[in-house]
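S.K.: Structural data only, the sequence is not supplied:
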């Protein structure tokens, strides 16, 4: 019986695997335990493939939840590179300062809010608002807006977890102002919560109450707009505004219409990092910032830096350069030319989607590459994995969500598989 090599020697042989020493040791141990030390490199690759790494999104879903939602491309000059930041220090006085001030003020200024803070995701934003403003009290919400917001989290459960009593009004498909008025008279509600249907559509015999009317009831109105479109006019998309954005509420317009607070995600239609935003009346935002839960929900330096860079693009009229909006604006003829230039597979017309729980049912004309048979698993095993989808018996790669700089890699990789 051949004696297996030592763990140390086998781990040493995996130095070119790209893994740190401890993970090379783990790969060596797994291969020896399975009496398969001759394939130790395969075990190392399995570990490497399971780590966080860049992938090429060929699915045509622009905001892909499983791939990190909105793609980020932070650009910092050499002058801006650093190890520390002025996260919580006033450089003028040298005293401790609020991390809300810098990025939050940029966001508030752009959407016309008095103040804004950032937390770690959209669900946290709703949760903090409820806990800070309605603990032990009731919140009025339409039955048609008791949605599941992703990951199995449902609005009634979020309210219950925040220590809030739910007061449902209206019916699933129709809620009128009188329903809210009756609930307001019969309860001591702390808030009215309105939730935009960002991940579903209800059509037909339906009715809902706009924010502008809810503000007349004398109870603070919190509007969760969900997807995070900052401005309904979407000037970065050119004129006319694309039809697929027509029913999406903007943070700026929602506040102008009378919402006291708006909450939304940072990594959907805003095009930034995963985050949740609370914006609106100064005293209400500051109450959230002073709440003990905020310390548990606040984001770190990297998220705030990425959010700041994203907001700079809006403030500098460069939002169309953000990957999200750049991909959404691509013309089909341009995508078709790229497919033909790549020269492998069959150029094919496709349908792309915004995704990420935003704009349900809205699709964009697109173009990409169709390959015979199911190659999805092989594409995911490439050095830079390519995530594709199946249409019928073909594997398709939608070029709308593939950066043009990856086209050459895509061509070479497909050639190696076919």
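M.R.: Structure's in. What do you need? Remember, it's a predicted structure, so these values are computed and weren't measured experimentally.
S.K.: make it CA atoms for all contacts and neighbour counts henceforth
M.R.: Noted.
S.K.: Could you double-check that residue 349 lies in contact with residue 366?
M.R.: Yes - using C-alpha atoms under 8 Å, residue 349 is in contact with residue 366, at 6.0 Å.
S.K.: And the two? Which one has more around it.
M.R.: Applying other C-alpha atoms under 10 Å to residue 349 and residue 366 shows that residue 366 carries more neighbours, namely 24 against 18.
S.K.: show me the contacts for that one.
M.R.: Listed by C-alpha atoms under 8 Å, 6 or more residues apart in numbering, the contact set of residue 366 reads 60, 331, 332, 335, 349, 350, 351, 352, 398, 399, 400.
S.K.: Not counting its neighbours along the chain, what's nearest the fourth one?
M.R.: The shortest distance from residue 335 to any residue that is not its chain neighbour, by C-alpha to C-alpha, 6 or more residues apart in numbering, is 5.5 Å, and that residue is residue 367.
S.K.: before we move on, what SS does that neighbour have?
M.R.: Here residue 367 is recorded as strand under DSSP: H, G, I helix; E, B strand; the rest coil.
S.K.: contacting residues around the longest helix that the chain contains?
M.R.: What stands out as the longest helix in the chain, according to DSSP state H, is helix 301-315. Residues from elsewhere that reach helix 301-315, judged by C-alpha under 8 Å, 6+ apart: 74, 85, 87, 103, 106-107, 110, 266, 271-275, 319, 321-322.
S.K.: just these: which has the poorest pLDDT?
M.R.: By pLDDT, residue 74 ranks lowest within the contacts of helix 301-315, coming in at 50.
S.K.: so residue 390 touches residue 372, yeah?
M.R.: No - with contact defined as C-alpha under 8 Å, residue 390 does not count as touching residue 372 (10.0 Å).
S.K.: Those two - which one has more neighbours?
M.R.: The neighbour comparison of residue 390 against residue 372 (other C-alpha under 10 Å) goes to residue 390, with 17 against 14.
S.K.: which residues sit in contact with the more buried one?
M.R.: By C-alpha under 8 Å, 6+ apart, the neighbours of residue 390 are 374, 376, 396.
S.K.: if you set the cut-off to 10 Å instead, what comes out?
M.R.: Residues near residue 390 by C-alpha atoms under 10 Å, 6 or more residues apart in numbering: 59, 370, 371, 372, 373, 374, 375, 376, 396, 397.
S.K.: Among those residues, which one lies nearest to residue 383?
M.R.: Distance to residue 383 across the contacts of residue 390 (C-alpha to C-alpha) is lowest for residue 376, with 14.1 Å.
S.K.: Show me what counts as buried in stretch 216-223.
M.R.: Within stretch 216-223, the residues that count as buried by 16 or more other C-alpha atoms under 10 Å are 219, 220, 221, 222, 223.
S.K.: Over it, what's the mean pLDDT, rounded is fine.
M.R.: 94.
S.K.: how long is that stretch end to end?
M.R.: Stretch 216-223 stretches 15 Å from its first residue to its last (C-alpha to C-alpha, to the nearest Å).
S.K.: before we move on, the earlier item: got any residues that touch both of residue 349 and residue 366?
M.R.: Taking C-alpha under 10 Å, 6+ apart as the contact rule, residue 349 and residue 366 both touch 332, 335, 336, 398.
S.K.: quick one: which of those residues sit in strands?
M.R.: Among these, the subset assigned to strands under DSSP state E consists of residue 398.
S.K.: Same list, the buried residues of stretch 216-223, but as a markdown table with secondary structure and distance to residue 147 please.
M.R.: Below are the buried residues of stretch 216-223 laid out as a markdown table (DSSP: H, G, I helix; E, B strand; the rest coil; distance: C-alpha to C-alpha, whole Å):
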| residue | secondary structure | distance to residue 147 |
| --- | --- | --- |
| 219 | coil | 22 |
| 220 | coil | 21 |
| 221 | strand | 18 |
| 222 | strand | 15 |
| 223 | strand | 14 |
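S.K.: And the strands in the stretch 51-200 of the chain, which stretches?
M.R.: Secondary structure of the stretch 51-200 of the chain (DSSP state E, counting those that start in this stretch): strands located at 56-57, 115-119, 138-142, 148-150, 153-154, 165-169, 189-195.
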